[in-house]
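> Here is my input; please provide its structure:
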Amino acid sequence: MDKIVSLCKRRGFVYPASEIYGGINGFWDYGPLGVLLKNNIRDSWWRNMVECPPLGPDGHPIEMVGLDSAIIQHPKTWVASGHVGGFSDPMSTCRQCKKLFRADHVADMLREAEWVKSIVDELLIEGSPSFDAEKIKRWASKQGKKLAPGLALVRNFQPTLAAMTEAFGGGAPLEPKRLLAVAAAADPPCPACGGDLTEPRQFNLMFESYAGAIQDESNKVYLRPETAQGIFLNYKNVLDTSRVKVPFGVAQIGKSFRNEVTPRNFIFRSREFEQMEMEWFCHPDEAAKWYEFWKAERMRWWRSLGVSDTRLRFRDHDADELSFYSKMTVDIEYRYPFTDPDYGELEGIAHRGEYDLGQHQQHSGQKLDYFDQELQLKLKGEGVSEDEVRRRSRYVPNVIEPASGLTRAVLVLLCEGYAEDASRASPVFLKFRPSLAPIKVGIFPLVNKDGMPEIAEKLYMDVRGRFTSEFDVKQSIGKRYARMDEVGTPFCVTVDGQSLTDQTVTVRERDTAAQERVAIERVGAYLGEKLIS
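Here you go, the predicted model:
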């Protein structure tokens with residue numbers, strides 16, 4: 001993961017936000033290549049969801065429209081949705097260093113903490129932890145003082161050592177978890193300094209602001225923590241102005257903001273991010289069918305990006321982790337470098353029932369039910385009773401919600417594409433699917449003389465309107481190939497001495513480094529065939 005982060009900074013994929021001022025935790029800027037990659041993923045999602053949506057169970061294209069709602073909505077929106085009262089995480093504060101942590105993240109953070117690795121390594125003897133008072137003292141006065149100044153063993157040495165001697169001096173197994181609990185005199189200790197954590201308390205994740213000149217409660221607004229609510233607020237507008245009928249979907253891509261207590265793992269968990277969300281409105285009796293449909297479709301799309309089956313899986317939410325309104329939720333998970341061998345969330349697919357439209361109907365006073373005339377006629381034709389016809393043909397639609405992070409998708413493709421080959425001029429390259437690569441083709445003269453630059457530049461001018469291209473005459477051809485490999489460019493075209501005599505060029509393929517001769521006049525068509533994958 002460190003190598004991927006380093007490559008992202010070095011080649012212009014992702015930068016720390018406000019870096020010249022020391023950065024700001026949880027915020028990231030997407031550089032020249034990062035924004036191209038992100039936009040390619042965005043365009044693929046939009047194309048597959050809105051412009052050319054999938055075929056439904058009946059073999060016909062489903063109905064889908066797009067939306068771009070405001071980041072700031074009426075504050076009652078977030079009361080109705082439950083975010084004001086319930087959108088919170090358990091938070092603990094370290095009594096020594098005063099840092100804040102999400103209580104449910106502490107265990108994972110401890111596994112990654114430098115001081116934890118240091119104290120465990122210090123006590124490891126031939127693979128078996130063993131208690132040694134002298135080693136403990138030496139560690140506390142040196143590494144401990146530097147890495148974990150808040151640890152009880154460091155700030156209150158003698159009583160803590162006595163407790164450790166009592167716990168382990170008789171030959172009791174010195175298991176890492178038990179060792180940390182005694183050395184810290186707290187369970188769990190602070191991941192940053194080893195200090196004592198307070199009991200968890202709830203912390204609302206929404207960013208607050210004010211609309212208007214006066215900053216008081218009457219003008220308080222929130223930066224949206226999800227894009228979904230803007231879709232629910234416009235559900236009736238879409239029905240009234242578009243030729244759609246239930247079942248149909250509304251898709252949206254946009255920025256969301258969550259005041260994460262412990263943003264971490266690069267761009268995996270940040271405070272400002274982009275979401276790709278869709279709300280599918282359907283009859284309550286058909287919700288389970290559409291839930292299974294969207295599970296399959298969303299997994300199919302991730303595979304179409306080149307994400308390996310061996311790194312993807314479904315994980316159903318247990319009953320105790322379901323949102324209170326959710327009937328069913330499944331995560332599509334990916335095996336990230338920082339979770340390996342375990343998995344982390346990539347996309348959630350939730351059966352939200354009628355909760356959202358029901359809440360907004362109640363809080364706004366506006367009717368958000370749906371009258372299904374076609375269903376009414378069908379039921380009457382089947383001889384169904386009038387009461388049953390009324391009950392089934394007028395309803396508040398259920399919602400199936402596939403929701404994924406666009407910026408998290410960038411991370412997945414960077415992790416999936418990262419490859420090393422020591423035999424190359426640059427041992428690192430990115431194996432993006434050609435259609436998603438930020439730069440599709442590099443066009444170079446072998447040397448910057450003998451008419452080669454002129455031919456290469458003319459070819460560049462011919463193809464730049466169709467493919468994101470780069471023209472480069474600097475450094476050796478090997479270094480130019482290496483640079484293109486590092487940023488994931490699938491093809492490089494080189495004009496050489498032979499080009500001057502037979503009007504052919506060398507086309508080099510990124511993954512195999514294989515080369516073939518192609519007529520200059522056919523380069524555009526050749527690339528068009530190769531870049532659709």
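
> how about the nearest residue to Cys94, chain neighbours excluded?
Cys190 (3.9 Å; C-beta to C-beta, 6 or more residues apart in numbering). Every residue, glycine included, has its C-beta placed from N, CA and C.

> Does the one you found touch Leu197 like I think?
Yes: Cys190 lies in contact with Leu197 (C-beta atoms under 8 Å); the separation is 5.7 Å.

> Give me the common contacts of those two.
Jointly contacting Cys190 and Leu197 under the rule C-beta atoms under 8 Å, 6 or more residues apart in numbering are Cys94, Phe101.

> got the end-to-end distance for stretch 131-151?
With C-alpha to C-alpha, to the nearest Å as the measure, the first residue of stretch 131-151 is 18 Å from its last.

> for stretch 437-455, that is, sorry about that
Stretch 437-455: ends 25 Å apart by C-alpha to C-alpha.

> for the record, mean pLDDT for that stretch?
Averaging the model's pLDDT scores along stretch 437-455 yields 95.

> Buried by neighbour count: which residues of that stretch qualify?
437-446, 452-453, 455 (16 or more other C-beta atoms under 10 Å).

> Give me the neighbour count for the residue nearest to Cys94.
28 (other C-beta atoms under 10 Å).

> ditto for His74
With other C-beta under 10 Å as criterion, His74 counts 15.

> Identify the residues contacting it.
Applying C-beta under 8 Å, 6+ apart, no residues contact His74.

> how far away is Gly230 from Ser81?
11 Å (C-beta to C-beta, to the nearest Å).

> Have a look at those two and say which one is more surrounded.
Taking neighbours as other C-beta under 10 Å, Gly230 and Ser81 compare with Ser81 leading, 25 against 21.

> And that one, how far from Arg508?
52 Å.

> With Val412 instead?
27 Å.

> a helix runs through Ile470, doesn't it?
If you look again at residue 470, you'll see it is Glu, not Ile. No: per DSSP: H, G, I helix; E, B strand; the rest coil, Glu470 lies outside any helix segment and is strand.

> Could you give the number of residues near it?
Neighbours around Glu470, by other C-beta under 10 Å: 19.

> For it, which residues are in contact?
So Glu470 contacts Ile439, Val441, Gly442, Ile443, Met484, Thr489 (C-beta under 8 Å, 6+ apart).

> now His351
Taking C-beta under 8 Å, 6+ apart, one finds Ala287, Ala288, Tyr291, Ser326, Lys327, Met328, Thr329, Asn398, Val399, Ile400 in contact with His351.

> any idea whether the last one is helix, strand or coil?
The three-state assignment at Ile400 reads strand, by three-state DSSP.

> Is it in contact with Trp280, as I believe?
Yes: here Ile400 reaches Trp280: they are 4.2 Å apart, a contact under C-beta under 8 Å.

> overlap in contacts of these two?
Trp290, Trp294.

> Which helix or which strand is home to Asp240?
Using DSSP states H and E, Asp240 sits within helix 235-241.

> before we move on, what about Gln361?
helix 355-364.

> outside of that helix, which residues touch it?
So helix 355-364 is contacted by 76-77, 79-82, 228-229, 232-233, 235, 279, 281, 325, 366-369, 396-397, 399 (C-beta under 8 Å, 6+ apart).

> do stretch 291-298 as well
Counting by C-beta under 8 Å, 6+ apart, residues outside stretch 291-298 touching it are 54, 56-57, 280, 314, 328, 330, 332, 347, 349, 351, 400, 402, 404.

> Which helix or strand contains Trp78?
With DSSP H and E as criterion, Trp78 is part of helix 76-80.

> swap in Thr93?
strand 88-93.

> packing partners for that strand?
Judged by 3 or more C-beta pairs under 8 Å, 6 or more residues apart in numbering; DSSP states H and E, the packing partners of strand 88-93 are strand 100-102, strand 201-204.

> What are the buried residues along the last one?
Residues of strand 201-204 classed as buried: Phe203, Asn204 (neighbour count, 16+ other C-beta under 10 Å).

> List the contacts of it.
Contacts for strand 201-204 (C-beta under 8 Å, 6+ apart): Val84, Phe87, Ser88, Asp89, Pro90, Met91, Ser92, Leu100, Asn259, Val261.

> Is the residue nearest to Tyr481 when sequence neighbours are not counted bridged to anything, and to what?
Excluding its sequence neighbours, the residue lying closest to Tyr481 (C-beta to C-beta, 6+ apart) is Cys492, at 5.8 Å. Taking DSSP bridges, one obtains Gly442, Arg508 as the residues bridged to Cys492.

> Please report the distance of Cys492 from Asp511.
12 Å.

> now swap in Glu374 and tell me
From Glu374 to Asp511 the distance is 51 Å (C-beta to C-beta).
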